[in-house]
Every structure is written in C-alpha cells, then in structure tokens.
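# Fold the following for me, if possible:
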Amino acid sequence: MKALVISIVIVGTLLVSEQTSACSYSWSSSSGRYLKDGRPVPDPSSLIRSSYVFAGTVESVTPVPVPQDDSGPIPSDRFAAVIRVEHVWRGHQRSGTISVYTAFPGPGCGFFFQVGRCYLVFADLESDGVLRTSMISYTTPWERADELLFYVYAFLGEPTSAPR
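Residues are numbered from 1 along each chain as shown. Presented below is the predicted three-dimensional model:
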C-alpha cells in the first residue's frame, strides 16, 4: 500500500511539473497588430536584431551530447540542425550548410525542426560563436511564411543566393 501511495505521489508530481514547465512566452505587439499565427507583426528593429535571417532546408537534426562527467553545466542546446541555405537576407554565409542550435522543444522553448522541410530561419549569433533559434523567434516553416515574408522583403530587401 505504501508503495502505491509513493507511486501516485511521484506520478502526480511529474504530471504537475510537466504542465508547469511548458514554454511560456507571451507575445505582445506595440502596434496591436498580429500575424495569423498569433505573433506580433514585426517592426524593422525586431527583424534587424536577428544576426541571421535565411531560408533553407533541414538536412539533419542531431541531439547535442550531454557531458558524462562534471566538467561543467549541462548545455541548454539540445539539438543541432544542419540546414542547406538557399537565400540569405542577413548574416555571413561561408558555405552551403549552416548549423543552428536550439533547446528542447516544448518546455525548453526550442524550435522543432523536421528533416527535409524548408524554413525561414531567424537566428542569433551568440558570444560563444554558435547560432541559436527558438520558438519565440520568427523562425517559421516555409509553407506558412508568406505573410512574414512580406515584412522581411519590406525591411531587409531582396535576399542573396547562398554559395553552393
């Protein structure tokens, strides 16, 4: 009986912690206007703040290994997406592919990339030299990016083709 009670308490705790650990970010718009998906209509500064803005197709998504020793903190990046870049609006593209890191989707606010799918990516170049994106960036699957692309072209201009 005691084991059953302990099991119920553990399961209940896991369920509550899972619900409260979801990515909670509230979008707000200074203009009061929103895109169809609920994100605020971007202003020039929100697009210019992104170090990299590009379109490309995901070639692979791999988990970032967690150190097995106590050599330091567990990295917040849980996945690395290798993306074949096709068009660049912002950023320096040195090769045909680029790695973008993201946290665990859901509770970690990481972006869920799917292999073979094309995305409009907004990523920030961090002080450690790594490109990162998240659910709270404007990163969007290409097939749903038409409304957002209007603002990208308006504020950032025409893209350049990535080197092959």
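# Could you pull out the strands in this protein for me?
Along the chain, the stretches classed as strands by DSSP state E are 52-63, 79-90, 97-102, 118-125, 131-132, 140-141, 160-161.
# which outside residues touch the fourth one?
By that I understand strand 118-125. With Cβ atoms under 8 Å, 6 or more residues apart in numbering as the test, strand 118-125 has contacts from 47, 49-58, 83, 86, 91, 100, 113, 131-133, 137-143, 145, 148-149, 152. Heads up, the C-betas are built off the backbone N, CA and C, glycines and all.
# just to revisit the earlier point, and the strands of the chain as TSV, adding mean neighbour count, distance to Pro42 and mean pLDDT?
Listed next are the strands of the chain as TSV, based on neighbours: other Cβ atoms under 10 Å; distance: least, Cβ to Cβ, whole Å; pLDDT from 0 to 100:
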stretch	mean neighbour count	distance to Pro42	mean pLDDT
strand 52-63	17	11	94
strand 79-90	19	12	92
strand 97-102	21	19	91
strand 118-125	22	9	93
strand 131-132	20	19	90
strand 140-141	17	11	92
strand 160-161	10	20	80
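# in this protein, which ranges drop under the pLDDT threshold?
Scanning the chain with the threshold set as pLDDT under 70 gives 1-32, 66-77, 93-95, 106-108, 162-164.
# what about 80?
Counting by pLDDT under 80, the chain shows low-confidence ranges at 1-48, 65-77, 92-95, 104-109, 161-164.
# Helices of this structure, start to end?
For the chain, the helices defined by DSSP state H cover 2-20, 44-48, 146-156.
# List the buried residues in the second one.
Going by neighbour count (16 or more other Cβ atoms under 10 Å), the buried part of helix 44-48 is 46-47.
# Against which helices or strands is that helix packed?
Under the contact criterion of 3 or more Cβ pairs under 8 Å, 6 or more residues apart in numbering; DSSP states H and E, helix 44-48 touches helix 146-156.
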